[in-house]
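Asker: Predicted model and sequence below, questions to follow.
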Amino acid sequence: MSWRLGIVEVGVIPRLPLNLYLPDASPDVLIDPPCYCYLASDGERNVIIDSGPDRARAVAEGLEIVGDTSELLVAGLRAWGVGSADVDCIVHTHLHHDHMQNDLMFPNAVVRVQRAEVAWATGPDCGRFYFGIPELVTALGDRLELLDGDAELFPGLRVVLNAGHTPGHQSVIVDSTEDRVCLCGDIVSLFANVEVVGSICPNMRETKDFLARARVAGWEMIPSHDPKLREHRWYVQPAG
Ligand SMILES: [Zn+2]
């Protein structure tokens, strides 16, 4: 089965120290990493991998996001030829706010995430990048499907658990029309993180194990926050 892929930019996190990603970078170097949602369609089903942040909600929580997040996601989908009601499934790499705030725009989508991630995200030690999860779980009801480890979600589209960034983080492996692709999530935020592990992945062993597995598999690695994805062949230009 071959999937067509798209990359939609939905906002930017301003002024993040580069050394969170690359430990050897000077502490004064700041970057503005984009947030992306990934679209996958096999002609029958439309899947979104990560639904992106919500600017207003982030600001209310004391975090900065620049850009018209939900409008950009809708515009990107439209440019891709898909309406909100046509989205069948949302897969979350993890539940940090910049990956999950727009699920409820898609009334027909089943949402799939690791059970371990939901448990962590609703626990006492999850930290400030998680918010709105209990409300989302309630709002989704039986549209939320919890996964326990690696799973094939559709022919040619599967998830692999890799708890390097958060305890229930997963990447999505897709047989695309061109290549076998890994939509990495925050296990690989920048292209350089295919080789270098930053403090953003506190579980260094899990991260390195996964990167070694990816090298052996030969997947095309698509990072979660690299500005260079704006030049990627799958980058969806917003409809004018
Ligand atoms: Zn994250």
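Answerer: That came through, no problem. Residues are numbered from 1 along each chain as shown.
Asker: and the gap between the spatially most central residue of the chain and the ion?
Answerer: Nearest residue to the geometric centre of the chain (CA atoms, centre = their mean): residue 50, 4.0 Å. Separation of residue 50 from the ion (CB to the ion, to the nearest Å): 10 Å. Any C-beta I mention is one placed from the backbone N, CA and C, and that applies to glycine too.
Asker: Within its local environment, how many residues does whichever residue of the chain sits closest to the ion see?
Answerer: Nearest residue of the chain to the ion: residue 96, at 3.4 Å (CB to the ion). Residues near residue 96, counting by other CB atoms under 10 Å, number 25.
Asker: ok, now which ones touch it?
Answerer: By CB atoms under 8 Å, 6 or more residues apart in numbering, residue 96 lies in contact with 129, 130, 166, 186.
Asker: Thought residue 95 was touching the second one, still the case?
Answerer: Yes. At 6.0 Å, residue 130 counts as touching residue 95 under the criterion of CB atoms under 8 Å.
Asker: Overlap of the contact sets of those two?
Answerer: With CB under 8 Å, 6+ apart as the test, residue 130 and residue 95 both reach residue 121.
Asker: where's residue 176 relative to residue 151, distance?
Answerer: 19 Å (CB to CB, to the nearest Å).
Asker: More neighbours: which of the two?
Answerer: Taking other CB under 10 Å, residue 176 and residue 151 do not tie; residue 176 has more neighbours (19 against 15).
Asker: Next one: that one relative to residue 109, how far apart?
Answerer: On the measure of CB to CB, residue 176 and residue 109 end up 21 Å apart.
Asker: and what of residue 170?
Answerer: Taken as CB to CB, the span from residue 170 to residue 109 is 17 Å.
Asker: who's more crowded, residue 130 and residue 95?
Answerer: residue 95 (27 against 19).
Asker: ok, back up a step: from memory the residue nearest to the centre of the chain sits against residue 11, does it?
Answerer: No. Counting by CB under 8 Å, residue 50 sits too far from residue 11 to count as a contact (12.0 Å).
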